[in-house]
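A.B. asks: Structure, please.
(one chain, ligands or ions: 1)
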Amino acid sequence: MTEAPTNFRFETDADGVALATWDMPGRSMNVITMAVMDELEGIVDTVVADASIKGCVIASGKSNFSGGADLTMLQGLGAEYERLKASEGEEAAMRHFFESSRRLSLVFRKLETCGKPFAAAVHGLCLGGAFELALSCHHRVLADDDKTRVGLPEIKVGLFPGGGGTQRVARLMQTGDALQMLFKGEQIRPQMARTMGLAHAVAPAAEIVERAKAWIRDGGSAVAPWDVPKFKAPSGKVFSPAGMMIWPPANAIYRRETHDNYPAAKAILASVYEGLQLPMDLGLKVESRYFAYILRTKEAQAMIRTLFISMGEINKGARRPKNVEPTTVRKVGVIGAGFMGAGIAYVTAQAGMEVVLIDRDQAAADAGKAQCHTLITGQIHRGKAKTADRDALLARITATPDTAALADCDLVVEAVFEDPAVKAEVIARVEAALPEHAIFASNTSTLPISGLARSTKRPAQFVGIHFFSPVEKMLLVEIIRGEATGDRAVATALDYVRAIKKTGIVVNDSRGFFANRCVTAYLQEGHRMLLEGVPPALIENAARMAGMPVGPLSLNDEVALDLGLRILRATEAQLGEGAVDPGQRWLLTEMVETRGRLGRKNKRGFYDYPENGPKTLWPGLAEIQPERLAPDTVDVAELKHRFLVVQALEAARTVQEGVVTDPREADVGSILGFGFAPFTGGALSYIDFMGARTFVDLARTLEAKHGPRFTPPDNLLTMAETGGRFYDALKRAA
Ligand code: NAD
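C.D. replies: Predicted coordinates:
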């Protein structure tokens, strides 16, 4: 080593086995940076040069091995490409980009072929580039504990493993399994990793380094399986009868799962397919070419920005009022032990907080607690919790109708009926039982927070905490700042939401807040298509092809059609007849009142839900459609645009109205809250990456054909003229 590494501790024991302990100063987690790559290469050089060193173990000095490459570094490479392209031309920029983006792959390959054995001793998380490092070692020992997980999750941020992952995994296991692992990006437990062939041994955490050293002492081979002459991949050759059983279906599965929206998934497929037909070094070069290409796609850039960078910033409190000291919520009151209340009680108790779960009588409160019992039992059945966890969780929940039990709560979340009068009564009564400092939150989905705050004596301590259903699954929570809501209430809500491991976005008061406004636009577009005569299956498929996880009719069934009708009527009552779409009112009334079809909850909605077997679209839909178009006459590309554009326009309106004030929140919120096509980076990034001018043109075309719901708001028109982007404001603020 030319210089002593600062990110690794390097020592050699009496037997000549070196140990490189990765322990980056000033960071809680190891990440792969330029300096780490340089030092790793230095370590390989030292091990090779020093005849007294037999081989080297790589371990971590932190509670995890490492989360992988520093994605901001990868983002930086993209920026450098743009700079070079402007100054030296595209070819020079691309050459530089390719060489820098394959640096990691070359360092790992150097380690693998250096002639001395390397072993990885892995505990805690070992993901992405870090697991690719482990894969390039000749031997892998994993800690046999609950926290250890390995995997290649790059696909989740629109990337794919560019440090040799696609080539090594495909040479370690059957091609079908390898593709599945790379496509899913799941975190794999130690024993499973061993069964899959990804690790050689699993040992108690305290012994992994010693076991890895022993493997080197005992003469472990410094030659990777694929560098042994006549190596055969587990699934044999690509061009073989066995290969033909794999590749055609793999292509079909890729299309079915991605609708060709994710270039990174396609690159995985191509990289494995081409790489398996080549020797390792060429295979790695093929992978590097795809990696350099993927890194520059707008999908990767958008997904990294939203799902990694913005999400990280939001979770670290980017939008938390800075003037409020960190708060600790120890005890939470949940009022209303129904569907939502029970879920809120469950996630709160699961995070270790005490919960007082209140309903109108003891039986109703107990029913809510029983729901928590059911939820945790499901976790036990899935192997994700133990019986002792259930006992502890239930012991933290006190179910009672007595508001006196709220006397020492720091926070109360009400989830009683969506009725302003009921809520007003509850707010006044509960507030009287609370300590002075307590924050009061409402989980209302439609009622303005500022209106509800009229029932409280402490409006500064009143805030909206809007959960999504099912509470235990959905990762997003909207925190609603009413006119009088103070910073301490917002900060406490955000701290609480973080404590229950969810992501909170802060929005200003408005009917439907942020997420439900966009979702409503999506559902309504599905209704309109149905009324226009588009075949129902085409509506659902077009939505999924556009990148939505669930079709609008299916989603509507989950939310319940009668709820939709109730909200529509409430809106009409408050804002007048013009505020609702008559076609939609007719459709929902027909479905709910004439046909008794409420959705999944009564097993009859836009779909039928047979006892045994999957749901199917209700054939009667054809009967109630006023018109029926022949499938071949429908412009599917337009349907896809309509779904995304109508939501993105609504998101843009929330920005214009000041409901959403930070584009990161709209983007993260749209993906976590309602699954807005993740490859776009979210509802505003969809516009930004397309360019406001192109988006406005598209919206105008749809407006001409389908009406004013596609009229672009003023902020977009200005952006289209000036070439502005939603994220410009963020850059200016930084
Ligand atoms: P629900 O009908 O399942 O539960 C409401 C519960 O409140 C019932 O158990 C009822 O007994 C109890 N309750 C009513 N009046 C009460 C009172 N005076 N004192 C104590 N308890 C009382 O309803 P839900 O679906 O859980 O919705 C509750 C709230 O959450 C509503 O404001 C709703 O808008 C909101 N919300 C619902 C969803 C959803 O998907 N269902 C999503 C987000 C927010």
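
A.B. asks: what number of residues lie near the closest residue to A484 other than its chain neighbours?
C.D. replies: Using Cβ to Cβ, 6 or more residues apart in numbering and skipping the chain neighbours, the partner closest in space to A484 is P459 (3.6 Å). C-beta: built from backbone N, CA, C; applies to glycine. Burial of P459 is recorded as 20 neighbouring residues (other Cβ atoms under 10 Å).

A.B. asks: One more: I216?
C.D. replies: The burial count for I216: 24, using other Cβ under 10 Å.

A.B. asks: Now do the same contact list for it.
C.D. replies: 17, 54-57, 117, 119, 139 (Cβ atoms under 8 Å, 6 or more residues apart in numbering).

A.B. asks: Give me the distance between A363 and the ligand.
C.D. replies: 10 Å (Cβ to the nearest ligand atom, to the nearest Å).

A.B. asks: residues near that residue, how many?
C.D. replies: Count around A363 with other Cβ under 10 Å applied: 11.

A.B. asks: give me the element it is part of.
C.D. replies: helix 362-381 (DSSP states H and E).

A.B. asks: Figure out how far that helix is from the centre of its chain.
C.D. replies: Taking Cα atoms, centre = their mean, to the nearest Å, one finds the center of helix 362-381 at 27 Å from the center of the full chain.

A.B. asks: what does the chain put close to the ligand?
C.D. replies: 335-341, 358-360, 364, 415-418, 422, 426, 443-445, 467, 469 (Cβ under 6 Å from any ligand atom).

A.B. asks: filter these to the buried ones?
C.D. replies: Buried subset of the residues of the chain next to the ligand (neighbour count, 16 or more other Cβ atoms under 10 Å): 335-337, 340-341, 358-359, 364, 415-416, 418, 426, 443-445, 467.

A.B. asks: got a pLDDT number for A734?
C.D. replies: Looking at A734, its pLDDT stands at 59.

A.B. asks: Mark which of the buried ones among the residues of the chain next to the ligand are part of strands, please.
C.D. replies: 335, 358, 467 (DSSP state E).

A.B. asks: Out of these, which is nearest to G707?
C.D. replies: Closest approach to G707 among these (Cβ to Cβ): F467, at 33.3 Å.

A.B. asks: partners of the closest one in the sheet?
C.D. replies: V477 (DSSP bridges).

A.B. asks: wait, isn't it in contact with A345?
C.D. replies: No - with contact defined as Cβ atoms under 8 Å, F467 and A345 do not form a contacting pair (11.3 Å).

A.B. asks: Overlap in contacts, those two.
C.D. replies: Counting by Cβ under 8 Å, 6+ apart, nothing touches both F467 and A345.

A.B. asks: give me the residue from this protein nearest the ligand.
C.D. replies: G338 (1.8 Å; Cβ to the nearest ligand atom).

A.B. asks: Pull out the buried positions in stretch 340-360.
C.D. replies: 340-351, 353-359.

A.B. asks: Hmm, I typed the wrong one, I wanted stretch 181-193.
C.D. replies: Buried residues in stretch 181-193 (16+ other Cβ under 10 Å): 181-183, 185, 187-190, 193.

A.B. asks: same check, this time on stretch 392-400
C.D. replies: Buried-residue list, stretch 392-400, by 16+ other Cβ under 10 Å: 393-394, 396-400.

A.B. asks: Looking at it now, give me its mean pLDDT.
C.D. replies: Stretch 392-400 comes out at a mean pLDDT of 98.

A.B. asks: Stretch 263-283 now?
C.D. replies: 97.

A.B. asks: Flag every buried residue along that stretch.
C.D. replies: 263-276, 280, 283.

A.B. asks: Same question for stretch 317-327.
C.D. replies: 319-321, 324, 327.
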